[in-house]
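Trainee: Have a look; sequence and predicted model below, questions after that.
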Amino acid sequence: MIERFGVKQCKNVAIIMDGNGRWATERTHRRVWGHVRGSSVVSDIVESADDLCVESLTLYAFSTENWCRPEFEVKTLFKLLKKFLLKERAKLLKNNIKFRVIGDWSRLPEETKLLIADLQETTKDFTGLKLTFAFGYGGRSEIVNSVKKLVESGKEITEENLSDSLYAPDIKDIDLLIRTGGDQRISNFLLWQCAYAELYFTETRWPAFTREEFESIIFNVENRERRFGAVSCMESLESTKKLAEQNGSLFS
Ligand code: IPE
Ligand code: IPE
Ligand code: MG
């Protein structure tokens, strides 16, 4: 295990936890077995993000499009969410973790909704890692929802106001988006927040993902240069130097 250290670039991390079904079928199991094994990885990755002093971790657990899956698979995912909430509650509280669910989770069983509401309320002022589950979540719906809120409030439609009306405005812009499972797409996840995210795709199926791999991805991305549309620092320094040397002759 690595030492606890404060990340500089990867403050807001999001993960598309994909590849459960393939992981299971590759082992001649039913797809739902992949979800069962995948859900036990979540706790390790949350712990690792906390150790690394990541500020927010947003996990894609169920998309609006996932409603099209067979009923048994959807119900299994519901049960696993409930199991996670019951099993991890004490640890989340102990570690000062602020827990939230974004998306439309109104179709979850009543008991699970109560568990979520209680955990959200209990941890709402916690100052540690912001842990967010995206459940019944779609990036396009989130943007439409945000625009509607702005129109209703009569506020001007600006980037800042729209950001402030998202499901969880304090998540801010995502610095790093990881997708496990081998596919290289965003699948309607955090479309607004990922405008300038670093993307990292790994072949590893989610149930086989480890905290070691997570940590090595963070280290890799910590060393990337993010330019946000500008030129690199070195280039900028070099060109300033050259301009000074040419003493303005460029424009004369
Ligand atoms: C991700 O794994 C979990 C959910 C979408 C709920 P999948 O179930 O999509 O697994 P693959 O992509 O089919 O292997
Ligand atoms: C994205 O995975 C959703 C989650 C991981 C929860 P999917 O497996 O649903 O995405 P597609 O269908 O491959 O785009
Ligand atoms: Mg998938």
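Mentor: Here it is on my side, so go on. Given the structure is predicted, the values throughout are model-derived calculations rather than measurements. Ligands and ions are numbered 1, 2, ... in the order given.
Trainee: Up against ligand 1, what does the stretch 1-150 of the chain have?
Mentor: Neighbours of ligand 1 within the stretch 1-150 of the chain, by Cβ under 6 Å from any ligand atom: 17, 18, 19, 20, 21, 22, 62, 66, 77. Yep, even glycine has a C-beta here, placed from its N, CA and C like the rest.
Trainee: can you pull the contacts of the second one?
Mentor: Under the criterion of Cβ atoms under 8 Å, 6 or more residues apart in numbering, the contact list for residue 18 reads 60, 179, 180, 181, 183, 187, 205, 206.
Trainee: do the fifth one as well
Mentor: Residue 21 is in contact with 31, 34, 35, counting by Cβ under 8 Å, 6+ apart.
Trainee: From residue 181, how far off is it?
Mentor: Going from residue 21 to residue 181 by Cβ to Cβ, to the nearest Å gives 9 Å.
Trainee: What ranges does the stretch 151-252 of the chain have for its strands?
Mentor: 176-179, 198-201 (DSSP state E, counting those that start in this stretch).
Trainee: picking that back up, among the contacts of residue 18, which two are most distant?
Mentor: Spanning the widest gap among the contacts of residue 18 are 187 and 205, at 15.6 Å by Cβ to Cβ.
Trainee: of these two, who's got more company?
Mentor: residue 205 (24 against 14; other Cβ atoms under 10 Å).
Trainee: so how far is ligand 1 from that one?
Mentor: Note on residue 205: its distance to ligand 1, by Cβ to the nearest ligand atom, to the nearest Å, is 7 Å.
Trainee: if we can go back for a sec, figure out which of the strands of the stretch 151-252 of the chain is closest to residue 166.
Mentor: Ranking these by proximity to residue 166 (Cβ to Cβ) places strand 176-179 first, at 15.8 Å.
Trainee: what does that closest one contact?
Mentor: With contacts defined as Cβ under 8 Å, 6+ apart, strand 176-179 is touched by 9-10, 12-16, 18, 185-186, 189-190, 194, 197-202, 214, 217-218, 221.
Trainee: Kindly report the same for stretch 25-32.
Mentor: With Cβ under 8 Å, 6+ apart, stretch 25-32 has contacts from 20, 21, 24, 33, 34, 72, 73, 76, 205.
Trainee: could you flag which of the residues you listed are buried?
Mentor: By the neighbour-count criterion of 16 or more other Cβ atoms under 10 Å, the contacts of stretch 25-32 include these buried positions: 20, 21, 24, 33, 34, 73, 76, 205.
Trainee: which ones are touching the residue in the stretch 51-200 of the chain positioned nearest to ligand 2?
Mentor: Here the stretch 51-200 of the chain gets closest to ligand 2 at one residue, residue 187, 3.6 Å apart by Cβ to the nearest ligand atom. Counting by Cβ under 8 Å, 6+ apart, residue 187 touches 16, 18, 60, 63, 65.
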